[in-house]
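Enquirer: With the sequence up front, the predicted model follows.
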Amino acid sequence: QVQLVESGGGLMQAGGSLRLSCVPSGLTFSNRPMAWFRQAPGKEREFVAAISWSGISTDYADSVKGRFTISKDNAQNTVFLQMNSLKPEDTAVYYCAAAPIFDSRSRSVLHYDIWGQGTQVTVSS
């Protein structure tokens, strides 16, 4: 069974840092674009960050640019989202997503066909 498992979420004060991890089961990341999305209560799922299958190219939502960093470790078959200078508005469930093999990265939810169950990030003021 193909699945993604996120971890690293939790409760943090504003200004703090968290690192999310995404580990696959039944597939490899090395040839897939990967992304992180988030969904706050009552809101639609929104794009956070994406990385190309090669790991060379990245893209960030304006709201997190300069604070969050997405990376891939192909040796560990893990995708990370380093979140610094956290704000209360970063509070959401964070989801890891994988796109088809050798496809392009994208900001669209519809572009990704494999999703994790999500990990809760709560930032207090």
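Expert: Thanks, I have the structure now.

Enquirer: On the pLDDT front, check the residue most central in space within the chain for me.
Expert: With distances taken as C-alpha atoms, centre = their mean, W36 lies nearest the centre of the chain, 2.3 Å away. On the pLDDT scale, W36 is placed at 98.

Enquirer: show me what contacts it?
Expert: Residues near W36 by C-beta atoms under 8 Å, 6 or more residues apart in numbering: L20, C22, V48, A49, A50, I70, V79, L81, Y94, Y95, C96, A97. (Glycine included, C-beta is placed from N, CA and C.)

Enquirer: Poorly predicted segments of the chain, please.
Expert: Counting by pLDDT under 70, not a single residue of the chain qualifies.

Enquirer: what are the ranges of the strands in it?
Expert: 3-7, 10-13, 18-25, 34-39, 46-51, 58-60, 68-73, 78-83, 92-98, 114-115, 119-124 (DSSP state E).

Enquirer: wait, which of those is closest to S104?
Expert: Distance to S104, taken as C-beta to C-beta, is lowest for strand 46-51 among the strands of the chain, at 9.4 Å.

Enquirer: The closest one: which residues count as buried?
Expert: Within strand 46-51, the residues that count as buried by 16 or more other C-beta atoms under 10 Å are F47, V48, A49, A50, I51.

Enquirer: now swap in stretch 74-93 and tell me
Expert: Judged by neighbour count using 16+ other C-beta under 10 Å, the buried positions of stretch 74-93 are T78, V79, F80, L81, M83, L86, D90, T91, A92, V93.
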